[in-house]
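Trainee: okay, predicted coordinates and the sequence, questions at the end:
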Amino acid sequence: NFLFLIMLFMRLAIILFMCFAISTLAISRDKIDKVIRYNGDEVTCEIKKLEYGLLTVKTDDMGTLEIKWHRIARIVSTYIFEIELDNGSIYYGKFGVPTEDGKISIVSGPSVKEFNTMNIVVITQIDNRFW
């Protein structure tokens, strides 16, 4: 009976470890987002968030960077984000290619909306949330 409980506990521990390992893999994603600055610099990265006027991105070569939002001409990503505007509106979608610098194109299914970068106050990843 005691041996049965030990084996059961070990199986449970293995299952929990596997779930944790799989969830850890699921929250990391490829760094294929593009951030283009007004000076022409292009950063290939993983867009993490926009908060307090700083866009936080993670790169393979340079680590985590914070880029001043007013210096960014456009961003492009095939991943889904939550985007909050200065008027409180919230949109969900990918960042498509905008028509001009200083604009952000939000693609949600067949719908495409474009906003000035300065109207966007918060960007949050939603693809990588646990559960």
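Mentor: Looks like it arrived, so ask away. Since this is a predicted model, take the numbers as computed values, not measurements.
Trainee: what about the helices in the protein?
Mentor: 2-27 (DSSP state H).
Trainee: which stretches of it have low pLDDT?
Mentor: 1, 19-28, 127-131 (pLDDT under 70).
Trainee: show me where it has strands.
Mentor: Assigned by DSSP state E, the chain shows strands spanning 33-37, 42-51, 54-59, 63-68, 72-85, 90-96, 103-108, 111-116, 120-125.
Trainee: can you say which of those strands is nearest to residue 16?
Mentor: Of all the strands of the chain, strand 120-125 sits nearest to residue 16, with 25.3 Å by Cβ to Cβ. Backbone N, C-alpha and C define where each C-beta goes, glycine included.
Trainee: quickly run through the sheet partners of the closest one, with directions.
Mentor: Sheet partners assigned to strand 120-125 using DSSP bridges are listed as strand 42-51 (antiparallel), strand 72-85 (antiparallel).
Trainee: just send the ones you listed back as JSON lines, with distance to residue 18 and mean neighbour count too.
Mentor: Shown next, in JSON lines, are the strands paired with strand 120-125 (distance: least, Cβ to Cβ, whole Å; neighbours: other Cβ atoms under 10 Å):
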{"stretch": "strand 42-51", "distance to residue 18": "25", "mean neighbour count": "18"}
{"stretch": "strand 72-85", "distance to residue 18": "25", "mean neighbour count": "19"}
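Trainee: need these in TSV with distance to residue 98, can you?
Mentor: Output for those, formatted as TSV (distance: least, Cβ to Cβ, whole Å):
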stretch	distance to residue 98
strand 42-51	14
strand 72-85	5
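Trainee: which one of the ones you listed lies closest to residue 106?
Mentor: Once the strands paired with strand 120-125 are compared by Cβ to Cβ, strand 72-85 is nearest, at 5.9 Å.
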